[in-house]
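> Sequence plus the predicted model coming up.
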Amino acid sequence: MNVFEIPTKLHDEKRQGEAYAPVGQESALFHKKFYIESYGCQMNFSDSEIVASILHQEGFGATRQFEEASLILLNTCSIREKAEQTIRKRLTEFRKIKEQKPDLLIGVLGCMAERLKTKLLEEEKLVDIVVGPDAYRSLPALITEAETGQKAVNVLLSREETYADISPVRLDSNGVTAFVSIMRGCNNMCSFCVVPFTRGRERSRSANSIIEEIKDLVEKGFREVTLLGQNVDSYYWFDESTNTTVNFAQLLEKVALLHPLLRVRFSTSHPKDITDEVLYTMAKYKNICKYIHLPIQSGNTRILQLMNRTYSREWYLAKVDRIKEIIPDCAISTDIISGFCTETEEEHNDTLSAMEYAQYDYAYMFFYSERPGTLAARRFTDDVPEEVKKRRLQEIINLQNELSKKSNEKDIGKTFEVLIEGESKKDATFWKGRNSQNKMLVFPKAHYNFKPGDYVNVQVESATQATLIGQIVA
Ligand code: SAH
Ligand code: SF4
Ligand code: F3S
């Protein structure tokens, strides 16, 4: 398994920096073209679809060829130093293109824009536009400003902006699965994390606008939505017109009830906030997928305290027990950071033993990368040497490889309901799709007449580390 330098929350979803294809656009309608690459978490990929919608209104159509674009946008991530380095490298490449094509506008969006603000203009001389995650509505005005040769910046964070009324333009879509943002920002102050600084305060989007967006997706034939937020379990909406409130469990239920063939997923859950009510709601509805991404970060209570995660090792592991008790077939994945400030060898071993206990089906694993301005950067010394961080990370990865293999081998012989997402990239005579537990299955199309968006029963015959391989059964 790879160490994902930048996390994408769902296996095999869009890749880092992948250009978007202009799906379903009548290109003749657009007199200008923009090219966008997205980095970081699914929230960023989802934001790019909001940006595309705003740009469509302005007559900009998406292109996958940056050569034909008059506007190049990078939707950036600051989560680890490596993520920012990747983007800086990409900017240098685009700068070369701009030297040949002076009218080309280059814009930096997202978390790096928010973190570095005007510094980006100073450091990366040929960036024309800098826009933070809450300021995308001002993009048209910023483009106009930049067209006159001025540098255009808007990095204001908002307490209200949720882009609730903007219907995202689904870019590069498989027509089956879609992401729906239900909240923005984060109020947790995990000491290692830059997100509260780049994304601002937590705010929930109106339940009605979420439901309307999903209804529209269902009408268009989509069969799976993933509700997105940094901490979905703290979703909370007060509906003034009806004087009622909606919490995350209630929102999940509302979405599940929209259509029996619509699958519902969500990401990410903070262990401190996921409630029994959410777990019981998951258990009650077949179409709420049995999969929880539950980041542990560390298996040691002292380190968890320094990380400001607000739970102990025991509390976290009890949550895992509770999940398995209420939803026995639930898959669990996690995020882990190795070599956080002052972590000892013993404390690292606690992470390994917690992994053994939880028997994760999947994990995203990183070594600690100090981010300027975070609580940890201000309070603690980043004192675990890089070789030690990397060696511990390797031990974590090795163990997870074993756990993932074990988890996949347990599935051999079982039959799962799979939602077909499209053709397998490796072999066009195979379909690929996921089961409720979020595992990717590939299987021969055979003589059946199925298509993407259909549900099929697939019996697993063999497994690699990342994929289950099977056959359609009646
Ligand atoms: N809101 C999500 C996570 C967002 S960031 C949550 O709370 O789980 C995704 C993951 O990146 C985190 O879970 C963490 O494991 C990792 N991460 C965040 N900051 C990091 C840092 N400074 N160094 C290394 N990994 C980090
Ligand atoms: Fe970062 Fe913690 Fe918020 Fe997740 S919950 S985004 S790790 S501060
Ligand atoms: Fe990266 Fe921002 Fe997401 S820092 S992980 S793109 S919220």
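Yep, that arrived. Ligands and ions are numbered 1, 2, ... in the order given.

> how many other residues sit next to residue 462?
A total of 12 residues lie near residue 462 under the criterion other Cβ atoms under 10 Å. Every residue, glycine included, has its C-beta placed from N, CA and C.

> And what about it, helix, strand or coil?
For residue 462, the secondary structure call by DSSP: H, G, I helix; E, B strand; the rest coil comes out as strand.

> can the host helix or strand of residue 337 be found next to ligand 1?
In the assignment (DSSP states H and E), residue 337 maps to strand 331-338. Yes. Counting by Cβ under 6 Å from any ligand atom, ligand 1 has neighbours in strand 331-338: 335, 337.

> following that strand, which helix or strand comes up?
The first helix or strand that comes after strand 331-338 along the chain, using DSSP H and E, is helix 345-358.

> And that next one, what does it pack against?
Applying 3 or more Cβ pairs under 8 Å, 6 or more residues apart in numbering; DSSP states H and E, we find helix 345-358 packed against helix 301-306, helix 313-326, strand 331-338, helix 386-410.

> for these, which one sits closest to ligand 2?
With Cβ to the nearest ligand atom, the closest approach to ligand 2 among the helices and strands packed on helix 345-358 belongs to strand 331-338: 7.9 Å.

> What angle do helix 313-326 and that closest one make with each other?
Interaxial angle of strand 331-338 relative to helix 313-326 (axes from the mean of the first three to the mean of the last three Cα atoms, to 10 degrees): 160 degrees.

> helices or strands next to strand 331-338 in the packing?
When contacts are defined as 3+ Cβ pairs under 8 Å, 6+ apart, strand 331-338 sits against strand 291-293, helix 345-358, strand 362-367, helix 386-410.

> wait, which of those is closest to ligand 3?
Ranking the helices and strands packed on strand 331-338 by proximity to ligand 3 (Cβ to the nearest ligand atom) places strand 362-367 first, at 10.6 Å.

> to the chain's geometric centre, what's the distance from that closest one?
14 Å (Cα atoms, centre = their mean, to the nearest Å).

> do stretch 306-320 as well
Worked out by Cα atoms, centre = their mean, stretch 306-320 lies 22 Å from the chain centre.

> Extract the residue ranges of the protein that are flagged as low pLDDT.
Where the chain drops to pLDDT under 70, the residues are 1-15, 18-29.

> which parts of it sit against ligand 1?
Residues of the chain lying near ligand 1 (Cβ under 6 Å from any ligand atom): 7, 79-80, 192-193, 195, 230-231, 268, 270, 295, 297, 335, 337, 366, 368-369, 371.

> Point me to the residue of the stretch 301-450 of the chain nearest ligand 3.
Taking Cβ to the nearest ligand atom, the stretch 301-450 of the chain has residue 371 as its residue nearest ligand 3, at 8.9 Å.

> tell me the contacts of that residue?
The contact partners of residue 371, taken as Cβ atoms under 8 Å, 6 or more residues apart in numbering, are 78-81, 192-194, 377.

> Any figure for the gap between the residue in the chain that ligand 3 sits nearest to and residue 213?
Closest to ligand 3 within the chain is residue 40: 2.7 Å, counting by Cβ to the nearest ligand atom. Distance of residue 40 to residue 213, computed by Cβ to Cβ, to the nearest Å: 22 Å.

> Just want to know which of those two has more residues nearby.
Applying other Cβ under 10 Å to residue 40 and residue 213 shows that residue 40 carries more neighbours, namely 26 against 20.

> Hmm, residue 79 and the more buried one touching each other?
Yes. When contacts are counted by Cβ atoms under 8 Å, residue 40 is listed as touching residue 79 (6.4 Å).

> Would you mind measuring from the residue of the chain closest to ligand 3 to residue 358?
Per Cβ to Cβ, residue 40 is found 26 Å from residue 358.
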